[in-house]
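> All I have is the shape, not the residue letters:
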């Protein structure tokens, strides 16, 4: 069975999220919105959107961070009977014209995690672009593979059963460290992954919740944790790959 939906973590994106939801619904993709303890103004917009058919709203009583909101949305998607979930940012940076390509790739390979490989334009903040390269290197080391070309792009389709088994078993990062950590841990399990190029644009008036110092510190801590975890697991990781 291949029954996909979209999961959108939202924190004070009341200006951008209606257009994102409209485009997803227009592409035939039901939406699970996760209100990560947003402001009253944003909460009201989300309440209005949730009145639409094929839109569901999960409200978190306290801010969990992007990762915490995504995990809550994935659990709700499974509860609603969906088999796959497309993670989409609420700020409009992802190219939603690519939805059909990603869904078709997921339909052809339902066991695979379909990930976006970002193609940036001139709007990308240079500091964040350069920091990504360091993350790429650590991800290659910690996954014992070059098979993850980008671990930070949040435009990806998760097959829900293996993803939720991991989420229920391991305490994953709940903020900006979530996106790379879950890919590395799924790679340890030899999870099939497929990669599609996708354009990423940072709107001039877009609202980013990336905290330069705090989130980079969290990501560095996450890489260190994964490195020592990899040292403990490397024989099993390589054995699984050899068997596959």
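Looks like it came in fine. Quantities reported herein were computed from a predicted structural model and do not represent experimental measurements. Numbers count the residues shown, from 1 in each chain.

> Starting from residue 118, give me the distance back to the residue nearest to the spatial centre of the chain.
Nearest residue to the geometric centre of the chain (CA atoms, centre = their mean): residue 154, 3.7 Å. To residue 118, residue 154 is 10 Å away according to CB to CB, to the nearest Å. Every residue, glycine included, has its C-beta placed from N, CA and C.

> Next, the buried residues of stretch 86-101.
Across stretch 86-101, burial judged by 16 or more other CB atoms under 10 Å covers 86-96, 98-99.

> pLDDT averaged over stretch 4-23, what's the number?
On average, the pLDDT along stretch 4-23 is 96.

> Could you work out the end-to-end span of that stretch for me?
End-to-end distance of stretch 4-23 (CA to CA, to the nearest Å): 15 Å.

> ditto for stretch 138-158
With CA to CA as the measure, stretch 138-158 spans 22 Å from end to end.

> Could you shift the numbering so residue one becomes 50, and keep it that way?
Got it, first residue is 50 now, which makes that one stretch 187-207.

> Next, give phi and psi for the residue nearest to the centre of the chain.
Phi and psi for residue 203, reported as degrees, to the nearest 10, are phi -90, psi 10.

> before we move on, what about residue 108?
With angles defined as degrees, to the nearest 10, residue 108 sits at phi -110, psi 130.

> Quickly list what it is bridged to.
Here residue 108 sits in beta bridges with residue 84, going by DSSP bridges.

> From residue 71, how far out is it?
21 Å.

> How is residue 111 assigned, secondary-structure-wise?
coil (DSSP: H, G, I helix; E, B strand; the rest coil).
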